[in-house]
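the following comprises the amino acid sequence and a computationally predicted model.
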Amino acid sequence: MQGHTKPTRRSKVTALHDAARLARSALLERPELCLGGLFKQGRPVALVRALLAAGAKDLHVYSSPGAGYDVDLMIAAEAVEQVFIPGVTLENRLCPNFRSAVESGQVTAHALDALTVVGGLMASAHGVPFQPIDALRGSDVLKHNPLLREIDCPFSGRRIHAVGPIRPRVTFLHAQEADRWGNLRHLSTMVYADQLMARASDMVIASVDRIVPDEVILDDPSRVSVPSHYVDAVVAVPYGAHPTASFPHYAMDEDHIDAYADLGDAARAGDRAGLDAYIARHVTGPTTQEDYINAVGGADYFARLEAEARQE
Amino acid sequence: MSAAISPLEQMVVVLARDLADGELGAAGAAALVPMAAIALARELHAPNLTVGGEMFFNPEPGRLYPSMLDDRALGRCEAAETFIELFGHSHHGLDFFFHSGLQHDAFGNINLHHVGGTLHAPRMRGPGAANLSYCHTSTRFYICPTVHTARNFVEKADFITIPGHLSGPEAKRAAGLTKEGPRFVVTPRAVMDFDPETLRMRLKSVHAGNTAKEVQRHTGFDLGISGDVPQTPPPTEEELTVLRARIDKTGTLRA
């Protein structure tokens, strides 16, 4: 043992712009990008903005079955070719740029359902050639869904559906905490499809609100939602999910999303100046997350979102 | 409790009365009215009703939220699940679920994809929908849009996102839709049900302040009105007191 030096384990902590470059070059090989979270919760929006600033184009976007703001923003930045997400909505209103781009034929939005997306991710995560589905009937979505096939069940002989593996080239996740090796902890109530996506994807990049000491993970391993084995890079980004929520740290910023949607509606009506200014101010302008925080409204503004998350 | 009963409060009360003790169900995407109905049923007559199937069990929101996919609403709940468990629930089905859309047609089919044009060249593209299974794996579902006009109640939907009764009993059988499907359509104006023979929508009752003639005028197809249409039983004193004092503390349903 004399003279032995223990080799160093590699930290997966990565700078935001390095993570974006890593993702962009992988997506040039195959454009399938998948986003964690759901609607206005736990979305990896800082990673999305960094990827847009790095100049991503022609993306095929997947997600848990419901998405809104981030996908609409990617479409507004002209980075998307195809959308494979069953529900695209801001919930209280429609996604303006998604609508415009699909209506004009600029973007193809496939008709899908939750089970096709979840089943495809399950097949990929489990390493099997397809996932059977036996709960889809009567919807016109079945006539158009490009990922489904009809098969005969080998046991009952009934006609059922099958979906092949969905294997994202890159998945972006947002969790509340990680250690430097990339073990993720979701402290939010729901974890959505994040654990499934982590196991289904070629490359996983996670943003977290903070990096915690190794002991925090080792003292409570059952609390780890995504083991580091599945994670390629972890990026510490304060308010990295904004304007979506990262509970219990900060609430969703509905005012910000509504103001963005108003600019999208104006662009629909022919005036794109406000939307372009929004993208310059929030996406392409800031060179650091600190710049972004200041562009949104600074520390006091975010303190309000933190207070809202803490209230009972 | 003398403040006027709002149309949304009337909807909540109608839906709550139809949910039974011991059932399992979930609210769906537009959660405000369904979550209030579920909460009211649990307070009044269904203490063992389980909210589940949407990745959380038995949430206890401090007030009503427009979406349940919000940790401010879910901060207190008994358990959380993921999309893997939702895959299973979607196959096993629930006792009840709720839907609404851009268009609702005479057979209770719901369109959330496009109005006019085609799917890939739409005049107006809608949001789509995530869960297409609960409408036919669950025992029944309710249609409860918060507007009722001749534009969102149309004879035939441009696209069937959520199948209701398709074009009637034969089409429903052929498609393998073996459950009840949509039971009631509850809107701010009225309650509709479906003719058991044809499965076409018909007017069941009108809420206070509406007439059958007005409801027909705001509906894009024939509601089969013959004779007098009864009034929807208004909220009782107890229903209204519990709804306002314990569930909708911030008056969202009256806003």
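Done, it's in. Residues are numbered from 1 along each chain as shown, chains lettered A, B, ... in the order given.

which residues in the stretch 51-200 of chain B form helices?
B:71-74, B:83-92, B:134-137, B:169-174 (DSSP state H, counting those that start in this stretch).

just give the nearest non-adjacent residue to residue 58, would you?
Chain wasn't specified; assuming chain A. A:Glu81 (4.4 Å; Cβ to Cβ, 6 or more residues apart in numbering or on different chains). The C-beta positions use only the backbone N, C-alpha and C, and glycine is treated the same way.

hmm, I had chain B in mind actually
B:Glu78 (4.3 Å).

quick revisit: tell me if I'm right that the residue nearest to A:Asp58 and A:Val107 touch.
Yes - the pair A:Glu81 and A:Val107 passes the contact test of Cβ atoms under 8 Å, sitting 6.7 Å apart.

comparing those two, which residue is more hemmed in?
A:Val107 (22 against 15; other Cβ atoms under 10 Å in any protein chain shown).

so which helix or strand takes in the residue nearest to that one when sequence neighbours are not counted?
Closest residue in space to A:Val107, ignoring its immediate chain neighbours: A:Ala101 at 3.9 Å, by Cβ to Cβ, 6+ apart. Assigned by DSSP states H and E, A:Ala101 belongs to helix A:96-103.

show me what whatever helix or strand comes next after that helix is packed up against.
Using DSSP H and E, the helix or strand that follows helix A:96-103 in sequence is strand A:108-109. Contact partners of strand A:108-109 among helices and strands, from 3 or more Cβ pairs under 8 Å, 6 or more residues apart in numbering or on different chains; DSSP states H and E: strand A:80-83, helix A:96-103.

in CSV: the ones you listed, plus mean pLDDT and distance to B:Leu102.
Converted to CSV, the helices and strands packed on strand A:108-109 look like this (pLDDT from 0 to 100; distance: least, Cβ to Cβ, whole Å):
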stretch, mean pLDDT, distance to B:Leu102
strand A:80-83, 98, 18
helix A:96-103, 98, 12
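
which of these sits most buried?
helix A:96-103 (a mean of 23; mean count of other Cβ atoms under 10 Å in any protein chain shown).

show me what it is packed against.
By 3+ Cβ pairs under 8 Å, 6+ apart, helix A:96-103 packs against helix A:69-76, strand A:80-83, strand A:108-109, helix A:254-268, strand B:121-125.

for the shortest one, the averaged confidence score.
Across strand A:108-109, pLDDT averages out at 98.

may I see the buried residues of the next helix-or-strand element following it?
As assigned by DSSP H and E, the chain's next helix or strand after strand A:108-109 is helix A:114-126. Residues of helix A:114-126 classed as buried by neighbour count (16 or more other Cβ atoms under 10 Å in any protein chain shown): A:114-125.

restrict those residues to those near chain B?
Residues of the buried residues of helix A:114-126 in contact with chain B (Cβ under 8 Å from any Cβ of the partner chain): A:114-115, A:118-119, A:122.

deepest in the core, which of the helices and strands packed on helix A:96-103 is it.
Highest mean neighbour count among those (mean count of other Cβ under 10 Å): helix A:69-76, a mean of 26.

ok, now which ones touch residue 85?
No chain in the question, so chain A it is. When contacts are counted by Cβ atoms under 8 Å, 6 or more residues apart in numbering or on different chains, A:Ile85 is found next to A:61-63, A:65-67, A:71, A:109, A:112, A:117, B:128.

you answered for a different chain; I wanted chain B.
B:Met55.

same thing with B:Asn111?
Applying Cβ under 8 Å, 6+ apart, the residues near B:Asn111 are B:101-105, B:126, B:157-161.

any figure for the gap between it and B:Gly126?
B:Asn111 sits 7 Å away from B:Gly126, going by Cβ to Cβ, to the nearest Å.

check A:Asp271 too.
24 Å.

before we move on, what about A:Cys153?
33 Å.

so the two - more neighbours on which side?
Neighbours were counted for A:Cys153 and for B:Gly126 using other Cβ under 10 Å; B:Gly126 has more, 23 against 12.

before we move on, the earlier item: closest to A:Cys34 among the buried residues of helix A:114-126?
A:Leu121 (8.1 Å; Cβ to Cβ).

dihedrals phi and psi, the spatially most central residue of chain A?
Residue closest to the mean C-alpha point of chain A, counted by Cα atoms, centre = their mean, is A:Leu35 at 2.0 Å. As for A:Leu35, its main-chain torsions (degrees, to the nearest 10) stand at phi -120, psi 130.

what does the stretch 101-250 of chain A put close to chain B?
A:102-103, A:105, A:108-109, A:111-115, A:118-119, A:122, A:134-141, A:144, A:188-196, A:245, A:247-248.

sorry, back to before: going by distance to B:Asp193, which of the buried residues of helix A:114-126 wins?
Nearest to B:Asp193 among the buried residues of helix A:114-126, with distances taken as Cβ to Cβ, is A:Ala114, at 28.4 Å.
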